[in-house]
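*Asks:* this one's structure only:
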């Protein structure tokens with residue numbers, strides 16, 4: 001059976017699964033995407049949407065992140081309805097300042113020129129001109145819509161309750177509506193991967209890291225870039241709302257975080273005096289235990305491919321392209337070799 005005659009099933013209709021499905025469908029592959037909820041209803045729906053390329057050279061996902069800008073620009077050309085806001089990102093958190101050469105940092109006059117709404121601009125900041133942002137929910141919809149126009153099938157509100165096997169090969173999934181057969185099963189459902197792999201008997205350590213996405217109404221344009229500092233992390237949404245992201249507090253108290261963030265934003269930015277909280281949501285970001293992406297076929301059970309990492313939005317365009325290439329050609333890509341699931345059983349780790 002040739003690759004284009006195979007039926008590939010993607011479990012998870014978030015940004016990662018949508019990108020994989022789109023890239024497979026673009027290659028003429030028969031694809032079914034299933035999700036226990038609606039598209040982008042998991043971590044994707046509460047993602048900040050930063051296409052974030054600034055990492056240290058020894059970061060495990062450095063090459064993926066640095067390829068991400070070109071792939072998101074490619075997608076924007078292939079899918080004109082896809083909105084990507086290439087404003088760059090202005091960062092003055094400790095990591096950004098310490099990881100960049102001093103002569104690459106903006107000084108206060110340049111910062112004020114770039115972001116005049118900052119009331120107390122920092123002495124130094126790093127401007128990543130290549131960075132951008134997407135609306136993750138909208139991007140997921142665009143990718144899935146195009147995949148379906150190319151022949152893919154989307155089944156939402158469809159839970160995986162079991163698997164069908166022939167020997168050591170997974171041949172399909174069991175759902176409340178019946179069995180769905182596939183030649184290859186691609187698990188791209190974030191923290192939902194762990195219970196599925198437990199059922200197969202090949203567990204992988206994928207943790208949930210909660211984050212809070214806050215949406216504020218604004219009366220006008222406030223920031224020109226995406227701002228990431230020790231006090232605020234904000235950007236404009238496509239409709240002009242201001243988005244902010246915060247780590248989930250160990251003690252809970254999401255309402256306190258929302259009010260504290262609004263207060264910090266009003267102190268930091270002129271033009272936010274009348275801003276009001278519109279919505280708040282918590283996303284469970286999937287983070288492999290060693291911090292590295294997990295990409296590839298699992299252990300002794302054949303027919304199951306895993307795709308999970310944080311940040312998924314940044315790297316979704318690149319991984320969709322690369323994973324589809326591996327699955328269609330059958331050839332392993334060197335850039336993905338360090339991310340294979342087998343490292344957890346071999347003890348090799350991610351380098």
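*Replies:* Noted; the coordinates are in hand. Fair warning: this is a prediction, and the values are worked out from it, not measured in the lab.

*Asks:* can you pull the contacts of residue 254?
*Replies:* Residue 254 makes contacts with 212, 248, 280, 282, as judged by CB atoms under 8 Å, 6 or more residues apart in numbering. All C-beta atoms are positioned from the backbone trio N, CA, C, and that covers glycine.

*Asks:* and what about residue 282, helix, strand or coil?
*Replies:* Three-state call for residue 282 (DSSP: H, G, I helix; E, B strand; the rest coil): strand.

*Asks:* over to residue 154?
*Replies:* Quick answer, by three-state DSSP: residue 154 is strand.

*Asks:* residue 273 too?
*Replies:* Three-state call for residue 273 (three-state DSSP): coil.

*Asks:* pretty sure it contacts residue 263?
*Replies:* No - if you go by CB atoms under 8 Å, residue 273 and residue 263 don't touch, sitting 11.5 Å apart.

*Asks:* so where's this protein shaky on pLDDT?
*Replies:* Applying pLDDT under 70 to the chain flags the ranges 1-4, 351.

*Asks:* what do you get if the cut-off is 80, keeping everything else the same?
*Replies:* Applying pLDDT under 80 to the chain picks out residues 1-4, 252-253, 346-349, 351.

*Asks:* can you give me the helices for it?
*Replies:* For the chain, the helices defined by DSSP state H cover 15-26, 62-78, 94-99, 108-114, 136-149, 193-200, 254-268, 312-329, 343-346.

*Asks:* pull the residues that contact the third one.
*Replies:* It stands for helix 94-99. Taking CB under 8 Å, 6+ apart as the rule, helix 94-99 contacts 54, 55, 56, 91, 105, 124, 125, 126, 228, 230.

*Asks:* make it 6 Å
*Replies:* Contacts of helix 94-99 from elsewhere in the structure, counted by CB atoms under 6 Å, 6 or more residues apart in numbering, are 56, 126.

*Asks:* pop out the phi and psi values for the closest residue to residue 296 other than its chain neighbours.
*Replies:* Excluding the flanking residues, the one nearest residue 296 by CB to CB, 6 or more residues apart in numbering is residue 340, at 4.2 Å. Backbone torsions of residue 340, given as degrees, to the nearest 10, read phi -70, psi 140.

*Asks:* ok, residue 275 next?
*Replies:* Dihedral angles (degrees, to the nearest 10) for residue 275: phi -60, psi 140.

*Asks:* find the nearest non-adjacent residue to it, please.
*Replies:* Going by CB to CB, 6+ apart, residue 275 has residue 216 as its nearest residue, at 4.5 Å.

*Asks:* which residues touch that neighbour?
*Replies:* Contacts of residue 216 by CB under 6 Å, 6+ apart are 242, 275, 277.

*Asks:* pull the number of nearby residues for residue 56.
*Replies:* Other residues near residue 56 come to 10 when the count uses other CB atoms under 10 Å.

*Asks:* how much space between the nearest residue to it once chain neighbours are set aside and residue 127?
*Replies:* Nearest non-adjacent residue to residue 56, counting by CB to CB, 6+ apart: residue 99, 5.4 Å away. As judged by CB to CB, to the nearest Å, residue 99 and residue 127 stand 14 Å apart.

*Asks:* from the contacts of residue 216, list the buried ones, please.
*Replies:* Restricting the contacts of residue 216 to buried positions leaves 242, 275, with burial counted as 16 or more other CB atoms under 10 Å.

*Asks:* now, which of the contacts of residue 216 sits nearest residue 322?
*Replies:* residue 242 (33.7 Å; CB to CB).

*Asks:* can you tell me how far the closest one is from residue 348?
*Replies:* Going from residue 242 to residue 348 by CB to CB gives 44 Å.

*Asks:* the nearest residue to residue 274 once chain neighbours are set aside: neighbour count?
*Replies:* Once flanking residues are discounted, residue 274 sits nearest to residue 219: 5.6 Å by CB to CB, 6+ apart. Using other CB under 10 Å, residue 219 has 12 neighbouring residues.

*Asks:* any idea how far residue 276 is from residue 219?
*Replies:* 10 Å.

*Asks:* residue 195 now?
*Replies:* 38 Å.

*Asks:* do the same with residue 103
*Replies:* Taken as CB to CB, the span from residue 103 to residue 276 is 41 Å.

*Asks:* tell me which of those two has more neighbours.
*Replies:* Between residue 103 and residue 276, counted using other CB under 10 Å, the more crowded position is residue 276 (10 against 5).

*Asks:* quick one: contacts for that one?
*Replies:* residue 217.

*Asks:* the same query, at a cut-off of 7 Å, please.
*Replies:* For residue 276, the contact set (CB atoms under 7 Å, 6 or more residues apart in numbering) comprises 216, 217.

*Asks:* partners of it in the sheet?
*Replies:* Per DSSP bridges, the residues bridged to residue 276 are residue 217.

*Asks:* ok, residue 245 touching residue 211?
*Replies:* Yes - at 6.0 Å, residue 245 counts as touching residue 211 under the criterion of CB atoms under 7 Å.

*Asks:* how many residues are close by residue 239?
*Replies:* A total of 8 residues lie near residue 239 under the criterion other CB under 10 Å.

*Asks:* what's the answer for residue 83, then?
*Replies:* 14.

*Asks:* now it: how far from residue 236?
*Replies:* 12 Å.
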